[in-house]
Structures are given as structure tokens and as C-alpha cells.
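In: Need a 3D model of the following:
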Amino acid sequence: MEKNKFTLAEHSHHIAALVCVVAIFVMVALSITETVKPIKIGQKTENKFTDQEFMFSFAYPENFKTKETIWGDSKIISIFPASINDQYDPRVIEVAYEKDRSPNLELDKTILALFPEKRRGQLKDIGRDGAEGYEIYLSEPEGTTIFSYFKANGNIYLLKFDQTYYGRSSNLIPVNNRLYTPTYYKILNSLDFTPDS
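Out: Got it, this is the predicted structure:
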């Protein structure tokens with residue numbers, strides 16, 4: 001019976017080995033966590049998208065890419081992180097634009113015709129030199145979207161940001177893009193409607 005009794009002196013080398021293994025594990029775990037870099041949103045180095053025909057431009061982060069789609073008379077530029085495979089549903093930020101079909105109609109009236117449930121007081125004025133502009137939020141069970149409309153140069157421009165939405169891969173789990181909110185506002189603030197800028 002005494003032979004089976006555990007004594008610290010007899011097993012001290014096992015305990016020392018276990019302490020060394022734990023110490024090595026902790027050091028490796030700490031070194032791994034230190035090398036993980038957070039995603040940088042809106043880096044100083046930026047790319048610029050320009051459309052001379054529609055007379056506007058915007059800047060976007062270098063770690064993002066764009067994809068152009070023609071849809072009828074409209075052009076749509078999708079802006080999304082370069083790490084996202086664009087064969088799927090890269091709905092992060094989109095810029096859509098087309099010729100203004102109702103040049104005599106004020107922009108706020110055009111927007112309220114598109115969103116009859118909204119009131120004029122729910123439109124945030126984001127106009128700038130040479131462009132009438134309004135921002136509106138749409139929260140639905142399908143997700144939350146920010147729409148920023150501009151009217152300039154005989155065109156209508158829409159900057160759309162899907163903060164959350166249900167993608168093609170799952171109708172149960174929403175895609176959350178809120179991480180890109182600062183990028184959306186940087187792109188919004190960089191929009192320039194000056195011809196040949």
C-alpha cells in the first residue's frame with residue numbers, strides 16, 4: 001500500500017515537465033495572438049473611382065475593390081473588401097446612378113415617392129456644393145440599409161449601405177456589415193460631383 005502512495009519528491013521531475021509544457025503553450029498562444037492584425041478600415045492610401053460621363057468620383061480604401069454592373073439605364077458599382085469573393089453576394093456598399101428622368105421634380109419628393117411610408121422630417125439633408133442630397137434609413141425584418149441620394153449634373157446618384165441583410169447563403173443568419181460603417185461615411189464624404197475633378 002505504501003508503494004502506491006504519491007510523494008512530491010518522487011514525481012517532482014514530472015511536475016517540472018508539466019510546468020514547462022504549460023509555460024511553452026502559454027508563450028506560443030501569446031505570440032500567435034500578438035501577430036493577428038485587426039482589419040484596417042479606410043486606410044490612408046486610397047483608390048479613386050471616376051466616371052467622366054456621369055461627372056462624379058469617389059475614393060475608397062486600397063484594401064477594397066469595385067465591381068461594375070449595368071442594369072438597364074443604370075450603372076451599379078459594388079464596393080467591398082478585396083477578401084470577399086465577388087462571385088457570391090458582395091453587398092456591402094453600392095453606388096448606383098442614372099440620368100435624371102424627372103429634372104423638374106425636387107429630390108426629396110422623388111425619394112418620398114419611392115418610400116411612401118417615410119415623412120419629409122425623416123430625410124437628413126446631406127447636400128453639398130452643386131448637389132442636392134438626402135440620407136434615409138430603412139429598417140425592415142430583412143435588414144437595415146442606409147440610402148444617400150444626390151441630384152447633380154442632370155443625374156441621380158445613390159450611395160447604398162446594407163448594414164445588415166440576409167444573403168443568398170442563409171435566410172436564417174443575417175450578414176452584419178456594421179464594421180464597414182466608417183468606410184461608408186468616408187466614401188460618402190469623398191463623393192465629388194465636379195466635372196473633370
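
In: Check which element follows the lowest-mean-pLDDT helix or strand in the chain along the chain.
Out: Here the helix or strand of the chain ranked lowest by mean pLDDT, DSSP states H and E is helix 12-35, holding a mean of 42. Downstream of helix 12-35, the first helix or strand assigned by DSSP states H and E is strand 46-51.

In: Where does pLDDT dip in this structure?
Out: 1-45, 85-91, 142, 165-174, 195-197 (pLDDT under 70).

In: and it, what are its domains?
Out: What automatic domain parsing lists as the domains of the chain is 2-35, 46-190.

In: can you put those in JSON lines and add mean neighbour count?
Out: For every residue, glycine as well, the C-beta is placed using N, CA and C. JSON lines is the format used below for those (neighbours: other CB atoms under 10 Å):
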{"stretch": "domain 2-35", "mean neighbour count": "9"}
{"stretch": "domain 46-190", "mean neighbour count": "16"}
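
In: Helices along the protein, start to end?
Out: With DSSP state H as the criterion, the chain has helices at 12-35, 107-114, 181-190.

In: What residues are bridge-paired with Lys48?
Out: Beta-bridge pairing of Lys48 under DSSP bridges involves Ala59.

In: List the contacts of it.
Out: By CB atoms under 8 Å, 6 or more residues apart in numbering, the residues touching Lys48 are 57-60.

In: Alright, calling it a day.
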